[in-house]
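Colleague: okay, sequence plus prediction incoming.
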Amino acid sequence: MVSRVIPVDPFDLVIFGGTGDLARRKILPGLYRRFWAGQMPEDARIVGCSRHDMSDKDYREEVRAAIQEFALEGKDDTDKIDAFLEIISFVAVDATGDKGWTELAKKVREDVVHAFYFSVGPSLFGDLAERLHKYKMAGKETRIVVEKPFGHDLKSAKALNATLRKYFAEEQIYRIDHYLGKETVQNLMAVRFGNVLFEPLWNALYVDHIQITVAETVGVGGRGSYYDKSGAMRDMVQNHLMQLLCLIAMEPPHHFEPDAVRDEKLKVIRALDPVQPEDIVRGQYEGDDKVASYFDDVEDNGSITESFIAMKLHISNWRWKGTPIYVRTGKRMKARASEIAVVFKHPPHSIFGEKSNDRRGNVLVIRLQPNEGMNLRVTIKEPGPGGMRLIEVPLDMSFAEALGPDAGDVADAYERLIMDVIRGNQTLFMRGDEVEAAWAWADPIIGTWEESGERPKPYAPGTTGPEESLMLLYREGRRWRDVKA
Ligand code: BG6
C-alpha cells in the first residue's frame, strides 16, 4: 500500500490538561506519530498547559516517557523523538485565574493556525473560552477542540454550547467523538457511497435488521467516580453508538463535506422513535475470583448505573421504517470486539426447497476493532457431487491482508482528528445541533429508569451481558452475533 502523507501548514497547538491522562496516552503520542510520518512541519509548535509549574525540560521528559509507553511500535528513533521534543514547551496556566495567560498569549504566533485543545473537564470550558477571548487569542483563525462528555443531558449540553458560542463561531468549535476518527468508521461511508452494489439494497425492503455491538473487556476501575454518574447510555450510546448508527442509516450527502454530512446525520437522530421500556435491557457486571464487581469498582453497593445496555431502535423514515436496529455495548464482556452487521432478508422465494430458509442469509459485517475489515456472507453450492446442497461462506477482507502490512499501521483516531483540526475540516466532528438532538432523544429514556430506580440485571464477567439481552432478539426469531475478537 502506498501511504500518502499530506503535510499540514505550520500551527500552534495548545493543550490545556497537557499533563492529563488523555494527553499522555493519546494526544501527545499521536502528535509524535504524525511528526514521525512527516505530516507535521518542523515549525509547528505544541504548548502543554496545566496548573502546576514545570520547566520546559521536565515537561519534555514527561512527553518522552509518554511516547515511549504509547507511541513507539517501530518508531523508536531517538533523533526523531529529540527533534519532536524541540517543538514542545510548557506554560503553567490557571484556568480560573489570571496566572500564565499573558505568557501563553506571547507564545501564540499571529500568522499561523492556532488550536486550543480543552482536554479538561467540561466545567472549565467556559473559563478557558472566556480567558482566550480576554487575552486576545480568540481570533478568526482560532479553533477550539472539546472532548466528550459534551454535557450530561440536553440542558447542560445547551448551556455548554451557549457558553462556547459567546466567544467562538460554530465553525471554530471541534467537538470530538473519537469513534468518527476510526479507520473503519470512515470506511463505512466509502463502502456505502463509493459502490453501487450495496445502496439499492440498503433499506427496509431488503434489510431484515442491523446489529451494532461495541463490546469491551475492561471494567470501570480507576474511572469509577466519572462512570457511575454516566453509565453506558451516556458514556457510549448517546455519542459513539449514535454516530455509528447515523453513518449506517443516513441518506447520501450531496458531497463529502462537513455540513452536508452532518445535516444527514442530524436527520437520522431526529427520526429516531422513543424507545419503549420493554426494548431496553440494562446490566451491571458481577465480580469473580479474577476481577472486581461493578459495585467494588465504583465503591457503592447500591449503585443502579448500567455497565451494559442493549436496545431495539426504530428509525421512522421512508428508508428504514420496519427495520429494527439492535445496539449493545458493555464493559467486562467476553471479548473486545466492535462491529456493525447488516443482516439482509431471505430471497422472496426459494427454488431450492424449504430447508434453504433455515440458513442465516446474507450478512455484511463491518469490523471496527480489532482486525479492521469487512466480511460478506453469501450462499453457494457446496462443491462436489451429491445434489444441490447450499452452504454459506464468508467473502472475507481483512484490511491488513488485502492492503499489505502498512494497512495495519493506520493512524489512530486521535491523530487523524487533530490533523483535521489543523486543516480546518469539521466533517468528522459533531455539530452543536447534532449533540443536542442526541441528548433530546436520550434524556427521556434515561429519565424513565432514573425515576423508577430500577436496578440493572447482573451479568457474569466474560459473558455477552445479561440473559435478558438475548431475549430482545430471540422473541422476534433473531439472534445476536457472537462477540469474538
Ligand atoms: C470512551 C469511553 O469514550 O470510549 C470509555 O468513555 C470507552 O468508557 C472508550 O472505554 C472506548 O474507546 P475505544 O476506542 O477503546 O473503543
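Modeller: Arrived safely, thanks for sending. Numbering: from 1, shown residues only.
Colleague: who in the stretch 151-300 of the chain is up against the ligand?
Modeller: Glu216, Asp235 (CB under 6 Å from any ligand atom). Glycine gets a C-beta too; all of them are placed from N, C-alpha and C.
Colleague: what bits of the stretch 151-300 of the chain have low per-residue confidence?
Modeller: Within the stretch 151-300 of the chain, not a single segment meets pLDDT under 70.
Colleague: for the ligand, give me its nearest residue in it.
Modeller: Here the stretch 151-300 of the chain gets closest to the ligand at one residue, Asp235, 4.8 Å apart by CB to the nearest ligand atom.
Colleague: which helix or strand contains the nearest residue to that residue once chain neighbours are set aside?
Modeller: Of all residues not flanking Asp235 in the chain, Tyr227 sits nearest, at 6.4 Å (CB to CB, 6 or more residues apart in numbering). In the assignment (DSSP states H and E), Tyr227 maps to helix 224-232.
Colleague: what of Arg143?
Modeller: Here Arg143 is assigned to strand 142-146, by DSSP H and E.
Colleague: name the helices or strands packed onto that strand?
Modeller: Secondary-structure packing of strand 142-146 (3 or more CB pairs under 8 Å, 6 or more residues apart in numbering; DSSP states H and E): strand 113-118, helix 125-134, strand 173-175, helix 413-423.
Colleague: out of these, which comes closest to Ala438?
Modeller: Comparing these by their distance to Ala438 (CB to CB), the top pick is strand 173-175, with 11.1 Å.
Colleague: which SSE is immediately downstream of the closest one?
Modeller: Past strand 173-175, the next helix or strand by DSSP H and E is helix 183-194.
Colleague: so what does that next one touch, helix or strand wise?
Modeller: helix 242-249, strand 363-369, strand 373-381.
Colleague: once you drop chain neighbours, what's closest to the residue nearest in space to the middle of the chain?
Modeller: Closest to where the C-alpha atoms of the chain average out (CA atoms, centre = their mean) is Tyr179, at 2.0 Å. Distances taken as CB to CB, 6+ apart place His240 nearest to Tyr179, at 4.2 Å, with adjacent residues excluded.
Colleague: spit out the contact partners of the one you found.
Modeller: Under the criterion of CB atoms under 8 Å, 6 or more residues apart in numbering, the contact partners of His240 comprise Asp177, His178, Tyr179, Val214, Thr329.
Colleague: just checking, it is part of a strand?
Modeller: No - remark: His240 does not belong to a strand; assigned using DSSP: H, G, I helix; E, B strand; the rest coil, it is helix.
Colleague: show me what contacts Lys134?
Modeller: Lys134 neighbours (CB under 8 Å, 6+ apart): Trp101.
Colleague: swap that for Phe118, please
Modeller: With contacts defined as CB under 8 Å, 6+ apart, the neighbours of Phe118 are Phe16, Gly17, Leu124, Phe125, Leu128, Ile144, Val145, Val146, Glu147.
Colleague: ok, now Lys334?
Modeller: Applying CB under 8 Å, 6+ apart, the residues near Lys334 are Ala215, Thr217, Gly462, Thr463, Thr464, Val483, Lys484.
Colleague: what about 10 Å?
Modeller: Residues near Lys334 by CB atoms under 10 Å, 6 or more residues apart in numbering: Ala215, Thr217, Ala460, Pro461, Gly462, Thr463, Thr464, Gly465, Asp482, Val483, Lys484, Ala485.
Colleague: the last one against Thr213, yeah?
Modeller: No - taking contact to mean CB atoms under 10 Å, the distance of 12.0 Å between Ala485 and Thr213 leaves them out of contact.
Colleague: closest to Leu244 out of the helices and strands packed on strand 142-146?
Modeller: That would be helix 413-423 among the helices and strands packed on strand 142-146, by CB to CB, at 13.0 Å.
Colleague: how far off centre is the closest one?
Modeller: Distance of helix 413-423 from the chain centroid (CA atoms, centre = their mean, to the nearest Å) equals 14 Å.
Colleague: quick thing: my sequence starts at 662, can you match it?
Modeller: Renumbered: residue one is now 662, and that last one reads helix 1074-1084.
Colleague: near the ligand at all, that helix?
Modeller: No - using CB under 6 Å from any ligand atom, helix 1074-1084 stays clear of the ligand, with a minimum separation of 6.7 Å.
Colleague: list the buried residues in that helix.
Modeller: For helix 1074-1084, burial by neighbour count (16 or more other CB atoms under 10 Å) applies to Ala1074, Tyr1075, Glu1076, Arg1077, Leu1078, Ile1079, Met1080, Asp1081, Val1082, Ile1083.
Colleague: just give me the closest of those to the ligand.
Modeller: The shortest gap between the ligand and any of the buried residues of helix 1074-1084 belongs to Ala1074, at 6.7 Å (CB to the nearest ligand atom).
Colleague: just to revisit the earlier point, to Leu1133, which of the helices and strands packed on strand 803-807 lies closest?
Modeller: Across those, closest to Leu1133 is helix 1074-1084 (CB to CB), at 29.2 Å.
Colleague: now for that closest one, which elements pack on it?
Modeller: strand 672-677, helix 689-697, strand 774-779, strand 803-807, strand 834-836, helix 844-855 (3 or more CB pairs under 10 Å, 6 or more residues apart in numbering; DSSP states H and E).
Colleague: got the end-to-end distance for stretch 868-883?
Modeller: Stretch 868-883 has an end-to-end distance of 41 Å (CA to CA, to the nearest Å).
Colleague: list the contacts for the residue nearest to the centre of the chain?
Modeller: So Tyr840 contacts 809, 846, 875, 897, 900-905, 908, 999, 1029, 1074, 1089 (CB under 10 Å, 6+ apart).
Colleague: please list only the buried members of those.
Modeller: The buried subset of these - by 16+ other CB under 10 Å - is 809, 846, 875, 897, 900-905, 908, 999, 1029, 1074, 1089.
Colleague: going by distance to Pro935, which of those residues wins?
Modeller: Met903 (14.7 Å).
Colleague: host element of the nearest residue to that closest one once chain neighbours are set aside?
Modeller: Distance criterion CB to CB, 6+ apart; nearest residue to Met903, sequence neighbours excluded, is Ala1099 at 5.0 Å. Counting by DSSP H and E, the element that carries Ala1099 is helix 1093-1113.
Colleague: show me what counts as buried in the helix or strand following that helix.
Modeller: In the C-terminal direction, the helix or strand that comes right after helix 1093-1113 (DSSP H and E) is strand 1118-1120. Residues of strand 1118-1120 classed as buried by neighbour count (16+ other CB under 10 Å): Lys1118, Tyr1120.
Colleague: now do stretch 748-768
Modeller: Ile748, Ile749, Ser750, Phe751, Val752, Ala753, Val754, Ala756, Gly761, Trp762, Leu765.
Colleague: likewise stretch 727-739?
Modeller: Neighbour-count burial for stretch 727-739 [16+ other CB under 10 Å]: Ala727, Ile728, Phe731, Ala732, Lys736.
Colleague: can you list contacts of it?
Modeller: Residues contacting stretch 727-739 (CB under 10 Å, 6+ apart): 680, 684-694, 696-698, 725, 741-742, 744-746, 1069-1070, 1073, 1076.
Colleague: which one of the contacts of Tyr840 sits closest to Asp934?
Modeller: Among those, Met903 lies closest to Asp934 (CB to CB), at 14.1 Å.
Colleague: just the buried subset of the contacts of Lys995, please.
Modeller: Neighbour counting by 16+ other CB under 10 Å classes Ala876, Thr878, Pro1122, Thr1124, Thr1125, Gly1126, Val1144 among those as buried.
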